[in-house]
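1. With the input below, show me the fold.
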Amino acid sequence: MISQGLRQALLIATFGLLAARAGFAAGFLYECDMDDPDRGLGWVSPKIAIVLPGDGSVTVVDALTITFSDAPVSGRILRDNDARLIVKWTLRDVRADTGRSFAHFDYRASISKPTGRIELTAQPRTFDSGLRSVGSCRKRTE
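-> As a prediction, the model looks like this:
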């Protein structure tokens, strides 16, 4: 695993690279701070960026995507209307500090556009229930 300091530095650098790549001409990103990442038992990052470059795609970057995928992860937009953005993504072949591994760990983020509130669910695909966390997002265009 990557140290917390290195993980934060990588996350900040990745935010910058994604912002430059997206160019923010038509796109933007949601920079999200989770209020209670400890409830996620290590499976919810304290800071998450959801990047929408304006071409209908979405990319997610946080400490977990950098740790397990070594790069931002492509997601899928489930809903995007005036009230809400719902995005889903999956981390593959992840391993907990205990040694337990999961082939697929699914994430779903629901952002209220008027308030910026994010509700995040993280769940191994083979489990009936998942971990939940909430936070706030700020829409950034530059």
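
2. quick one, strands of the protein?
-> For the chain, the strands defined by DSSP state E occupy 28-34, 47-52, 59-62, 73-74, 76-80, 84-95, 101-112, 117-124, 131-140.

3. residues of the last one that come out buried?
-> What it means is strand 131-140. Residues 131, 133, 135-137 are the ones in strand 131-140 that count as buried (16 or more other C-beta atoms under 10 Å). Placement of C-beta: from N, CA and C, glycine included.

4. thinking again about what came up before, adding mean pLDDT, write the strands of the chain out as JSON lines.
-> As requested, these are exported to JSON lines (pLDDT from 0 to 100):
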{"stretch": "strand 28-34", "mean pLDDT": "95"}
{"stretch": "strand 47-52", "mean pLDDT": "96"}
{"stretch": "strand 59-62", "mean pLDDT": "94"}
{"stretch": "strand 73-74", "mean pLDDT": "94"}
{"stretch": "strand 76-80", "mean pLDDT": "96"}
{"stretch": "strand 84-95", "mean pLDDT": "90"}
{"stretch": "strand 101-112", "mean pLDDT": "88"}
{"stretch": "strand 117-124", "mean pLDDT": "92"}
{"stretch": "strand 131-140", "mean pLDDT": "94"}
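
5. mind checking how far Leu85 is from Lys47?
-> In this structure, Leu85 lies at 17 Å from Lys47, with C-beta to C-beta, to the nearest Å as the measure.

6. So for these two, which residue has more residues nearby?
-> With neighbours defined as other C-beta atoms under 10 Å, Leu85 and Lys47 compare such that Leu85 has more, 21 against 18.

7. Now for Lys88, how many residues are close by?
-> Using other C-beta under 10 Å, Lys88 has 16 neighbouring residues.

8. wouldn't it be in contact with Phe105 here?
-> No - contact status for Lys88 versus Phe105: not in contact, 11.9 Å apart, counting by C-beta atoms under 8 Å.
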